[in-house]
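>>> Output the structure for:
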Amino acid sequence: MIIIILGVLCLVFFIENARELRTFRIRTYRIFSHKLKGIQKKRIVFLSDLHNCSYGKNNGRLLAAVRRSRPDLILIGGDMLVRKNGTSYAKTLKFLIRLTAMCPVYYANGNHEQKLKEEPERYEQSYAAYKKHLEEAGIIFLENEAVIWKTGRARIRISGLEIPLSAYEKLGKRKLSVRQIEDRIGRSDPSYQILLAHNPAYVQQYEAWGADLVLSGHVHGGLVGLPWIGGVISPDFRLFPAYSAGIYRDPKTDVVVSRGLGVHSVPIRFMNPAELVVLELRGDD
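Purely as a prediction, here's the structure:
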């Protein structure tokens, strides 16, 4: 009997995993702040962790979903490609370039892009060529840089943070100070601060820096999701990471962690569907 039960559970796992690897859902969050005065509804699509995956021919299903979301702005949170030799980011390039016909697109790197950039001798793919193609199409990279988005009476600062690669190492969390963040992107100011920070392991430091809204990915929802508990494991092999997926609110900062749109080394998703995140910004006045 035990063997039969285990067999049924394994079958359910494999069927559900196969389904979740082929589909995604749209997750919408409403963000309110007194700093967003005059904004009734501005829509931001947040894309993260595609990892060269494709939903339909030429990523048509994903592109259509972004278009239906009617974004005023598209923010990319990194790891859209895979840095592994023998892979190609050509399909990802084509998909991202088509986004620019909808609205402005800003791109902050994840650890995969950052490693390609900082360790080019190790990889066949060229980060410089990837970035060049996307910039020529109109995508703006935020590599420890910030831009100002003025809409209504609100002044929104969007910063793309690249943390040290050592902060992504497995088996042990490395320290990251607020000073290190300031050395990269400067101090926060009275604007509404959107921080694109790929790794959510350092949320406390992002909050201390002054972020009003943190957008992260990297954890892939913890691979397997458990009811009332959340994700099971992070890419650095930490069990039950504090921030794995969803929205986390406190009086000063909203943190949104995307489950991501793809997988790479460990192709597992169970009770953890891929997602496209839509943010509705509203003033609270």
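>>> quick one: secondary structure of E207?
Secondary structure state of E207, per DSSP: H, G, I helix; E, B strand; the rest coil, is helix.
>>> which residues of the stretch 101-250 of the chain fall in strands?
105-107, 140-141, 145-151, 154-161, 192-197, 213-216, 225-226, 230-231, 246-249 (DSSP state E, counting those that start in this stretch).
>>> Tabulate these in a markdown table, adding columns for distance to G283, mean neighbour count and mean pLDDT.
Where you see a C-beta, it was placed from the backbone N, CA and C, and this is true even at glycine. Below are the strands of the stretch 101-250 of the chain laid out as a markdown table (distance: least, Cβ to Cβ, whole Å; neighbours: other Cβ atoms under 10 Å; pLDDT from 0 to 100):
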| stretch | distance to G283 | mean neighbour count | mean pLDDT |
| --- | --- | --- | --- |
| strand 105-107 | 22 | 23 | 98 |
| strand 140-141 | 25 | 16 | 98 |
| strand 145-151 | 10 | 15 | 94 |
| strand 154-161 | 7 | 22 | 96 |
| strand 192-197 | 10 | 26 | 98 |
| strand 213-216 | 14 | 26 | 98 |
| strand 225-226 | 33 | 16 | 74 |
| strand 230-231 | 31 | 23 | 80 |
| strand 246-249 | 17 | 15 | 96 |
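>>> Let's have those in TSV, adding distance to M80.
Formatted as TSV, the strands of the stretch 101-250 of the chain follow (distance: least, Cβ to Cβ, whole Å):
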stretch	distance to M80
strand 105-107	8
strand 140-141	12
strand 145-151	18
strand 154-161	13
strand 192-197	13
strand 213-216	14
strand 225-226	23
strand 230-231	21
strand 246-249	21
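>>> of all those, which lies closest to R43?
Evaluated over those, closeness to R43 peaks at strand 145-151, with 11.2 Å, by Cβ to Cβ.
>>> Next, the angle from the closest one to strand 154-161.
For strand 145-151 against strand 154-161, the angle by axes from the mean of the first three to the mean of the last three Cα atoms, to 10 degrees is 160 degrees.
>>> so V256 is in which element?
Per DSSP states H and E, V256 falls inside strand 254-257.
>>> elements contacting that strand?
strand 24-33, helix 203-209, strand 213-216, strand 246-249 (3 or more Cβ pairs under 8 Å, 6 or more residues apart in numbering; DSSP states H and E).
>>> so which of the strands of the stretch 101-250 of the chain comes closest to E119?
So among the strands of the stretch 101-250 of the chain, strand 140-141 is nearest, using Cβ to Cβ, at 18.0 Å.
>>> Direction included, what does that closest one pair against?
strand 105-107 (parallel) (DSSP bridges).
>>> which ones are touching the residue nearest in space to the middle of the chain?
The centroid of the chain falls nearest to S48 when counting by Cα atoms, centre = their mean (3.2 Å). The contact partners of S48, taken as Cβ atoms under 8 Å, 6 or more residues apart in numbering, are 76-80, 110, 198, 215-218, 258, 260-261, 277.
>>> Go through those residues and name the one nearest R61.
L261 (11.0 Å).
>>> Number of residues surrounding that closest one?
Here the count is done by other Cβ atoms under 10 Å, and L261 has 24 residues near it.
>>> hang on, the earlier thing: let me know the next secondary structure element after the strand holding V256.
strand 274-283.
>>> Low-confidence regions, the protein specifically.
Across the chain, the stretches falling below the confidence threshold (pLDDT under 70) are 1-22, 172, 270, 284-285.
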